[in-house]
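# Let's see this in three dimensions:
(2 chains)
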Amino acid sequence: TQLLEQSPQFLSIQEGENLTVYCNSSSVFSSLQWYRQEPGEGPVLLVTVVTGGEVKKLKRLTFQFGDARKDSSLHITAAQPGDTGLYLCAGDRGSTLGRLYFGRGTQLTVWP
Amino acid sequence: DVKVTQSSRYLVKRTGEKVFLECVQDMDHENMFWYRQDPGLGLRLIYFSYDVKMKEKGDIPEGYSVSREKKERFSLILESASTNQTSMYLCASSLIPGLAGTEQFFGPGTRLTVL
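Numbers count the residues shown, from 1 in each chain, chains lettered A, B, ... in the order given. Next up, the predicted model:
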């Protein structure tokens, strides 16, 4: 059973388009993280959101944590080929052991 | 800079062989994790460890065991490799979580093929 449902699984768009990736759950998380993974590498943290309703911006990327801390979204404005990669959301349920629950990922391809 | 290294980038083994995957981190992190990554299935947690000699099962521990004899090193063992264990294996480490959660730092992965 997947604790975090991530959608869409695949996204193929042209340079300059906007896109949104969703991460949903019926469970509450103490924080939600977004990672990006490039081919041949491990995932790298982009952002952590902690407070319900929080919005964080990282250049053209906007991350939002739902008010109830059960869902999150990643919005990319004017996507570029360099944004291509696998985007993973991961939820922290407050365990002192540091365990994260990962979504299945969204493979984004941005064509020039 | 945190560095997590994995012993091999690519590994090819035969069915029934015992396979060791090694992971070393250099930032004195308490927690270490082993995941496998398969297309469409995301990252699935196999085992994790929160201290030397301490381990916890993740979601898919069957067919695997782990060893953590030193804080910086976490090994994943496939006692008798099978073809369905062909996958990308990722190791990660993290500090004990604070109020803002804790980032996991990943190694580059080991692509294991079992023939």
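
# who are the neighbours in contact with the residue lying closest to B:Glu22 once chain neighbours are set aside?
With sequence-adjacent residues excluded and distances taken as Cβ to Cβ, 6 or more residues apart in numbering or on different chains, B:Glu22 is closest to B:Ser7, at 3.8 Å. (C-beta placed from N, C-alpha, C; glycine too.) Neighbour list for B:Ser7: B:20-23, B:110 [criterion: Cβ atoms under 8 Å, 6 or more residues apart in numbering or on different chains].

# ok, B:Ser7 to chain A distance?
According to Cβ to the nearest Cβ, to the nearest Å, B:Ser7 and chain A sit 14 Å apart.

# how near is that residue to B:Val19?
Separation of B:Ser7 from B:Val19 (Cβ to Cβ, to the nearest Å) stands at 11 Å.

# Redo the contacts of B:Ser7 as TSV? Include neighbour count.
Output for the contacts of B:Ser7, formatted as TSV (neighbours: other Cβ atoms under 10 Å in any protein chain shown):
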residue	neighbour count
B:Phe20	12
B:Leu21	21
B:Glu22	16
B:Cys23	26
B:Thr110	22
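
# Among those residues, which one sits closest to B:Ser94?
The nearest member of the contacts of B:Ser7 to B:Ser94, counting by Cβ to Cβ, is B:Cys23 at 12.8 Å.

# and the nearest residue to that closest one once chain neighbours are set aside, how many neighbours?
Among residues not flanking B:Cys23 along the chain, B:Cys91 sits closest, at 3.4 Å (Cβ to Cβ, 6+ apart). B:Cys91 has 28 neighbours, counted by other Cβ atoms under 10 Å in any protein chain shown.

# which stretches of chain B aren't confidently modelled?
Across chain B, the ranges flagged by pLDDT under 70 are B:1-2, B:97-101.

# now the strands for it?
With DSSP state E applied, chain B shows strands at B:4-6, B:10-13, B:19-25, B:31-38, B:42-51, B:54-57, B:64-70, B:73-78, B:87-94, B:105-106, B:110-114, listed in chain order.

# mind checking the SS state of the closest residue to chain B within chain A?
Going by Cβ to the nearest Cβ, chain B is nearest to A:Gly42 of chain A, at 2.8 Å. What DSSP: H, G, I helix; E, B strand; the rest coil gives for A:Gly42 is coil.

# Name the nearest residue to residue 50, sequence neighbours excluded.
No chain specified, so I'll use chain A. Excluding the flanking residues, the one nearest A:Val50 by Cβ to Cβ, 6+ apart is A:Ser31, at 4.6 Å.

# switch to chain B, that's the one I care about
Counting by Cβ to Cβ, 6+ apart, the residue nearest B:Tyr50 is A:Leu97, at 4.7 Å.

# residues near the one you found, how many?
Residues within reach of A:Leu97, counting by other Cβ under 10 Å, total 16.

# Now for it: which residues touch it?
Neighbouring residues of A:Leu97 by Cβ under 8 Å, 6+ apart: B:31, B:48, B:50, B:56.

# Would you reformat these as TSV and include distance to A:Gly53?
Listed next are these as TSV, based on distance: Cβ to Cβ, whole Å:
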residue	distance to A:Gly53
B:Asn31	29
B:Phe48	31
B:Tyr50	31
B:Glu56	32
